[in-house]
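>>> this one's structure only:
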Ligand SMILES: [Zn+2]
Ligand SMILES: [Zn+2]
C-alpha cells in the first residue's frame, strides 16, 4: 500500500477515501477532520466535523451554531476507527485546541500536523512528537532567515517602550485567535499587571480562552475608554486595525505588531510598524527541520508557504519530499498576507 492509498492530496485538501473523510478541506465535504480553528483550516458548511472540543467551540463562536451538520469531539490521545482507518489526535502547540491528526492503516502511519510550533506557549498544550512514516508539515516560515528567537525578549522590548513613553498608547497588532491571547499571557508572565485593553474583535475568543482556564488578568474593552485614560496603556488589536481610523481614539498611538514576519524589517516599515515583535505561532526554520528529522518519517509532504526550500532540505537529508499545492491555506493567521485581520467591531 502506498501512502496515497490512505491519504490522497487534492487541491481542496487531503482526502482519505477508505475512511470517508477529508482533513482541513477548503471546500464543503461530507465528513471533515479539522486540525484547528483558524479560518483557512476550519471552514463552515461541512456535513460532519470531527475535532477537539476547543476547535468545535471556537468554530461555533465564529460561524454560529449551524456551522456543520453534526459535530463530534475527540480528546488528545483518543483513537477512533473510521472505515478501518485509525485516527488519533495529538497536540500541535499552535493555538488552543490545535491538533495533529495521525492516520494509520495497514501498518502505515501518516501524521497531518496542521499548523504547529515546537516551543512553549502558556495558552495551549505543548506540541507532541508523533513518530510516523509520512509527515505532512506546514512551511509558513520555511526559510533559514526565519529564526523566531525568544518571545520573552520581544515582550521585554514592548514593556521597555511602554515605560519610556508613558504619554503614548501602545497598540499591538496580533491575530485574534491564538496570538492575541498568547501575547497577553506572555505580558502577564513578564510581571505587567495593569489592565490590558482589547479591540472588540478580540473579545469573544479571549473570553473563551479564559473560560478554558487561561488566566489573562484584568482585560477591558478599548471601546468606551476615555482618550486621556489610554495614555501609557497596552491595547491588543487585529493587525488591520493598526492602519485604521479606529486608532484615532488613542493618544499618540505607537504601532507594534507581533508576528514571525517581523523578522523581515522591510515588512514592518512597509506597514508603518514602529515596534516589530518577532513572536510566531508557527515553527521557524530550525523548528521545522528539527521536527521533520525527529518524526523519523522517510517521506515528507509540504503544505502552504515556502514549500521549495523545505522540499530541497529534505532532499539533502535523503528524505522523499513533495509539495502538496493545496489552494486556500494561509488566509487567516500568520500564514497569510501579514496585513490581514478582522474588520473592526
Ligand atoms: Zn493556523
Ligand atoms: Zn495554516
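Noted; the coordinates are in hand. Everything numeric here is computed off the predicted structure, so don't read it as measured data. Ligands and ions are numbered 1, 2, ... in the order given.

>>> Next, the residue lying closest to residue 127 once chain neighbours are set aside: secondary structure please.
Nearest non-adjacent residue to residue 127, counting by CB to CB, 6 or more residues apart in numbering: residue 93, 3.3 Å away. C-beta here means a position set from N, CA and C on the backbone, and glycine is covered the same way. Assigned by DSSP: H, G, I helix; E, B strand; the rest coil, the conformation of residue 93 is coil.

>>> tell me the pLDDT at residue 93?
The model reports residue 93 with a pLDDT of 98.

>>> With residue 334 instead?
Residue 334 is given a pLDDT of 65.

>>> With residue 242 instead?
95.

>>> The one 3 residues further on too?
Per-residue confidence (pLDDT) for residue 245: 94.

>>> Residue 338 too?
So residue 338 comes in at 38 (pLDDT).

>>> Going by proximity to ligand 1, name the top residue of the stretch 101-250 of the chain.
Residue nearest to ligand 1 within the stretch 101-250 of the chain: residue 115 (3.6 Å; CB to the ion).

>>> and that residue, how many neighbours?
Applying other CB atoms under 10 Å, we find 31 residues neighbouring residue 115.

>>> any idea which element it lies in?
Counting by DSSP states H and E, there is no helix or strand that carries residue 115.

>>> Please apply the same query to residue 130.
Going by DSSP H and E, residue 130 is not in any helix or strand.

>>> Surely it is in contact with residue 100?
Yes. With contacts counted by CB atoms under 8 Å, residue 130 reaches residue 100, the gap being 6.1 Å.

>>> Give me the more crowded residue out of these two.
Remark: of residue 130 and residue 100, residue 100 carries more neighbours, 29 against 20, as counted by other CB under 10 Å.

>>> hang on, the earlier thing: who touches both of residue 130 and residue 100?
Contact criterion CB atoms under 8 Å, 6 or more residues apart in numbering; residues shared by residue 130 and residue 100: 90, 111.

>>> what sits up against stretch 216-231?
166-169, 181, 184-185, 188, 193-200, 203, 206, 209-210, 235, 237, 249-252.

>>> near ligand 1 too, which of those residues?
Filtering the contacts of stretch 216-231 for proximity to ligand 1 by CB under 5 Å from the ion leaves nothing.

>>> Helices of the stretch 51-200 of the chain, start to end?
53-63, 151-164, 179-189 (DSSP state H, counting those that start in this stretch).
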